[in-house]
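Undergrad: Need a 3D model of the following:
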Amino acid sequence: MIFKGILIGAALIVALAFGLGIIIGHFAIKKTATTTTTWKYDRLTRAADPQNYQTFINSIQASNIENNLKDLTSRPHMAGLPEDLESAEVIEKRWLDYGLQVTKPRYNVLLSYPDNNNPNRDIASGGTVIFQTAGVEHVYDPTQNKTVNPFLAYTPGGTVSSKKLYYANYGRVEDFEKLSDEVGKANLQGSIIIIRYGRIFRGDKVLHAQQFGAIGAILYNDPADFAPLGTSPDQVYDQKWYMPPTGTQRGSTFTGNGDPLTPLYPSTDYMHRVTAESLKTLPKIPAQPIGYGEAQVILQYLQGNPVASGWSGTLSNVTYRYGGDLLNSATIEVKSYNELVSKNTYNVIGIMQGDIEPDRYVVIGNHRDAWSLGAIDPTSGTATLLEITRVLGDMYKKGFRPRRSLMFCSWGAEEYALIGSLEYVEEYVKVLGARVISYINLDIAVEGNYTVKARSSPILFDVIVEASKMVSSAYDTPTQTVYDKWMKVRRNNLTNEPIIDSGLGAGSDFLGFDQLAGSSNVDIRYTFNPVDHGNSGSYPLYHTSYEVFSMVKKFIDPEFLAHRATAQLTGVLALLLSETPVLPFNIIRYTTALRKAVNSLPLNDSIILNPLLTAINDFEKASQDFVARSKTMETENPYVIRAYNDQLLQLERAFLNPLGQGGDDSGMKHIIYAPAKTNQYAADGFPAIVDAVSGGNSTEIKLEIAIATYFIRGAIATLKEFDKFIKKKTIIDARYVVYKMGARSRHSNVLKQEQRKSTSYYHHTRPERFFSY
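TA: You can find the predicted model right below:
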């Protein structure tokens, strides 16, 4: 029995010793990372595969884009009508076939329509009707589907008449001020004003006419801007792409953005709607566009002095005059049948999920609606976007997985007020504001075949250039890239770099991403050479019924090589932004952009800009330090990369002022690039300062400069290391405080010792130890 107990005890001792050895070995032996962990980290930090770029480029087919455009422009697709939903369903089906995750958000919004059975007209009379406009455009192709009659969306219905007619050039504020000086501002009250298209947003033209006392407005395309080679039949459509006499530009006149009835908030079913009557951004006077053939007749009734140099157009048999009472005591009348209607519009959103960073989105978007058949605006972009998604979908089916998610957007009701995109961004701004890397806009993908034109955030400059070096230039030798063409025709001779315009205005669907989400965005299009086309600011047939497939095929892109190049450039840019582990943003570019924006401010007193200039200098130093730190970054560590990328994303967002520009411009939040109040299309540098200067209030100017300085300093803080973003304030050593106070107390001996220490400390240490800024 004793022996048995000894055996059991020995066995227990051996077991305990063995177990203890295992425990000691577990903690004492140095372990290496497992194969699984190593593979996981390698995967998270994997370099982009350049072969994916080449595969994408080689797979884009011009013939597919041509077929897309031909099909999509065979029927109207105006917002809010049954064709809006039908066109959305076409996109939805295609994207599902390509393997995307697809949703189709709906928004009920306020739109505007004419009465197609009663065309809007302008009528000149003198007891009897002398002349009236047709209210429709000449039909060149009787087989073409009927599109909406010319009208200006959101201008009210009604009839106004006056014996006074004035000509206000392009309708800019300075044009109206000049007109007021010539004829007297009081005389503009109760008048009708005729204005030519160009230079600024049409809605601002109507608004300015209203502000200067007009009761109605007429807009037309002067041949000086839209038919620069002459107006004979052989020089205009349908023999060339220039505006014919009856060509009429449709468009919106709403000076806000998004659904008018839900300003700043999404037009969801639960959202409160304001009344249309309460909105300052909806025009209050009837207005109607006409062709220059009809304008020629109306302008002959103008009296008054001949206009100043720069105000005359090129209509024959017309002496351009400031106007006044009409010739022969005639009366001019604007008759409109427009009405406001709430309608449904639809976006289509397709997502290709990212493999490593699915919560980061690279977005490509294009609006789907058009005033007419829209072969250029926007369907050149829609046709191109469909080919981009086809190729990426095919690559996905063959095993390609993007690092970050790719999001594709087909927007509804852009033409009215960027409605589809802005409502979507407003609804999901908390998600998009945190996750979007960049938004790439394809509104008008192709309006010419000369070269690519890009406008973007300054920090995208280098990655756009990188993409341009991979894509062949359309209609040039096969070895000439888009970059090579830029260096020939769009080169900045000072920097020996391509010209890529900085900043985006409010003219397309990038607005919500720019002003609300705060991502770094770009608009890309293939364009024409303005020098060859009378320095026109846009393609001549913009928003007319002549934007048809045959016009694009005959006059713009016969082989669809420009469409192909735009698709290739857009897709490769998206892949670079999606696949590169460290985001390819060059923040140093913003320093140059900031200085350029400051130098363009119309200020005579440069001294008041000193705080802003100092902040820009500090921004330059911070951006250089940030880039320098990236050189020693641990690029094998995915957490380090993610943190660095997050700082890059925060930079653009740091320029957003939550309060906006104030007043009716609270939706315009980017303090560097946003439209000033006098032109919704442009992207002025420091727009709030520009508006303050325009107002002439010195206190307001100083305030806006201080606000801009504040946000630039906020941007500097985003570039600092995690524990160094706080600017050092004045720090006073406690012992120095005691010394200065000469404190008295019952502990005088202790204090005297402190005083001696403080005196020594004060006299033998550099002042900045006490006062650090």
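
Undergrad: For Gly571, which residues are in contact?
TA: 56-57, 60, 388, 391-392 (Cβ atoms under 8 Å, 6 or more residues apart in numbering). No exception for glycine: its C-beta is placed from N, CA and C like everyone else's.

Undergrad: right, I mislabeled it, should have said Ile440
TA: Applying Cβ under 8 Å, 6+ apart, the residues near Ile440 are 362-365, 521-522, 524, 570, 573-574.

Undergrad: With distance to Asp175 added, can I get the residues you listed in CSV?
TA: Below are the contacts of Ile440 laid out as CSV (distance: Cβ to Cβ, whole Å):
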residue, distance to Asp175
Val362, 42
Val363, 38
Ile364, 38
Gly365, 34
Asn521, 31
Val522, 32
Ile524, 32
Thr570, 37
Leu573, 39
Ala574, 41
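
Undergrad: follow-up on the earlier one: looking at the contacts of Gly571, which has the most residues close by?
TA: Using other Cβ atoms under 10 Å as the neighbour test, the contacts of Gly571 are led by Leu392, with 26 neighbours.

Undergrad: need the next SSE after the helix or strand hosting it, C-terminal direction.
TA: In this assignment (DSSP states H and E), Leu392 forms part of helix 379-397. Once helix 379-397 ends, the next helix or strand along the chain (criterion: DSSP H and E) is strand 404-411.

Undergrad: In terms of secondary structure, what does that following strand contact?
TA: helix 82-97, strand 348-352, strand 357-367, helix 379-397, helix 419-427, helix 561-579 (3 or more Cβ pairs under 8 Å, 6 or more residues apart in numbering; DSSP states H and E).

Undergrad: now the last one against strand 348-352, angle please.
TA: Computed with axes from the mean of the first three to the mean of the last three Cα atoms, to 10 degrees, the direction of helix 561-579 lies at 60 degrees from that of strand 348-352.

Undergrad: Let me know whether Pro228 touches His533 as I believe.
TA: Yes - the pair Pro228 / His533 is scored as a contact, 6.6 Å apart, by Cβ atoms under 8 Å.

Undergrad: Quickly find the element holding Asp42.
TA: helix 35-44.

Undergrad: what's the average pLDDT for the helix or strand following that helix?
TA: Heading C-terminal from helix 35-44, the first helix or strand you meet, by DSSP H and E, is helix 50-59. For helix 50-59, mean pLDDT rounds to 98.

Undergrad: hmm, who's touching helix 50-59?
TA: For helix 50-59, using Cβ under 8 Å, 6+ apart, the contacting residues are 391-392, 394-395, 400, 470-471, 568, 571-572, 575-576, 579.

Undergrad: hmm, back to that, list the buried residues of the helix holding Leu392.
TA: Buried residues in helix 379-397, counted by 16 or more other Cβ atoms under 10 Å: 379-393, 395-396.

Undergrad: what's the answer for stretch 637-652, then?
TA: Neighbour-count burial for stretch 637-652, counted by 16+ other Cβ under 10 Å, picks out 638, 641, 644-645, 647-649, 651-652.

Undergrad: now swap in stretch 606-613 and tell me
TA: So stretch 606-613, judged by 16+ other Cβ under 10 Å, has buried residues 609, 611-613.

Undergrad: same question, stretch 716-728
TA: 716, 718-719.

Undergrad: Save the residues you listed as JSON lines, and put in distance to Asp625 and pLDDT too.
TA: Shown next, in JSON lines, are the buried residues of stretch 716-728 (distance: Cβ to Cβ, whole Å; pLDDT from 0 to 100):
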{"residue": "Ile716", "distance to Asp625": "10", "pLDDT": "97"}
{"residue": "Thr718", "distance to Asp625": "13", "pLDDT": "96"}
{"residue": "Leu719", "distance to Asp625": "7", "pLDDT": "96"}
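
Undergrad: Which member of those residues is positioned nearest Val341?
TA: Thr718 (44.7 Å; Cβ to Cβ).

Undergrad: Give me the nearest residue to that closest one, chain neighbours excluded.
TA: Gln650 (4.3 Å; Cβ to Cβ, 6 or more residues apart in numbering).

Undergrad: Same check on Asp225?
TA: Per Cβ to Cβ, 6+ apart, closest to Asp225 is Gly198, 4.8 Å.

Undergrad: quick one: that neighbour from Val446, how far?
TA: Distance from Gly198 to Val446, counting by Cβ to Cβ, to the nearest Å: 22 Å.

Undergrad: Tell me which of those two has more neighbours.
TA: Val446 (32 against 20).

Undergrad: Might you report the residue contacts of that one?
TA: 376, 380, 384, 525-526, 552, 556-557, 562-563, 566.

Undergrad: Same check on Arg46?
TA: Applying Cβ under 8 Å, 6+ apart, the residues contacting Arg46 are 356, 403, 581.

Undergrad: Serialize those residues to a markdown table and add fields for neighbour count and distance to Pro223.
TA: A markdown table is the format used below for the contacts of Arg46 (neighbours: other Cβ atoms under 10 Å; distance: Cβ to Cβ, whole Å):
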| residue | neighbour count | distance to Pro223 |
| --- | --- | --- |
| Ile356 | 16 | 56 |
| Arg403 | 21 | 51 |
| Pro581 | 19 | 54 |
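
Undergrad: could you dump those residues to JSON lines with pLDDT and distance to Gln300?
TA: Listed next are these as JSON lines, based on pLDDT from 0 to 100; distance: Cβ to Cβ, whole Å:
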{"residue": "Ile356", "pLDDT": "96", "distance to Gln300": "68"}
{"residue": "Arg403", "pLDDT": "98", "distance to Gln300": "64"}
{"residue": "Pro581", "pLDDT": "96", "distance to Gln300": "67"}
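
Undergrad: Now render these as TSV, adding distance to Thr45.
TA: What follows is the contacts of Arg46, written out as TSV (distance: Cβ to Cβ, whole Å):
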residue	distance to Thr45
Ile356	9
Arg403	10
Pro581	6
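
Undergrad: Among these, pick out the one closest to Ile672, please.
TA: Distances from Ile672 to the contacts of Arg46, taken as Cβ to Cβ, are shortest for Pro581 (27.9 Å).

Undergrad: give the contact list for that closest one.
TA: Pro581 neighbours (Cβ under 8 Å, 6+ apart): 45-48, 403, 635, 641.

Undergrad: Distance check, it against Arg360.
TA: Using Cβ to Cβ, one obtains 11 Å as the distance from Pro581 to Arg360.

Undergrad: Repeat that for Lys185.
TA: Per Cβ to Cβ, Lys185 is found 54 Å from Arg360.

Undergrad: who has more neighbours, the two?
TA: Arg360 (21 against 13).

Undergrad: what about the residue nearest to that one when sequence neighbours are not counted, how many neighbours?
TA: Leaving aside its sequence neighbours, Arg360 sits nearest to Arg404 (Cβ to Cβ, 6+ apart; 4.2 Å). Neighbourhood size, Arg404 [other Cβ under 10 Å]: 26.

Undergrad: residues in contact with Arg404?
TA: Arg404 sits next to 354, 356-358, 360-362, 437, 577-579 when contact means Cβ under 8 Å, 6+ apart.

Undergrad: And stretch 593-609, what's buried?
TA: So, applying 16+ other Cβ under 10 Å, buried residues of stretch 593-609: 593-595, 597-598, 601, 603, 609.

Undergrad: taking those residues one by one, which sit in helices?
TA: 593-595, 597-598 (DSSP state H).

Undergrad: Let's have the residues you listed in TSV, adding distance to Pro498 and pLDDT.
TA: Formatted as TSV, those follow (distance: Cβ to Cβ, whole Å; pLDDT from 0 to 100):
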residue	distance to Pro498	pLDDT
Ala593	15	96
Leu594	20	97
Arg595	19	97
Ala597	20	95
Val598	23	95
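
Undergrad: right, and the pair among those with maximum separation?
TA: For these, the farthest-apart pair by Cβ to Cβ is Ala593 and Val598; their separation is 9.8 Å.

Undergrad: what touches both of these two?
TA: In contact with both Ala593 and Val598: Gly685, using Cβ under 8 Å, 6+ apart.

Undergrad: got the contact list for the most centrally placed residue in the chain?
TA: Central residue of the chain (Cα atoms, centre = their mean): Phe510, 3.0 Å from the mean position. Taking Cβ under 8 Å, 6+ apart, we find Phe510 in contact with 439, 441, 504, 521-523.
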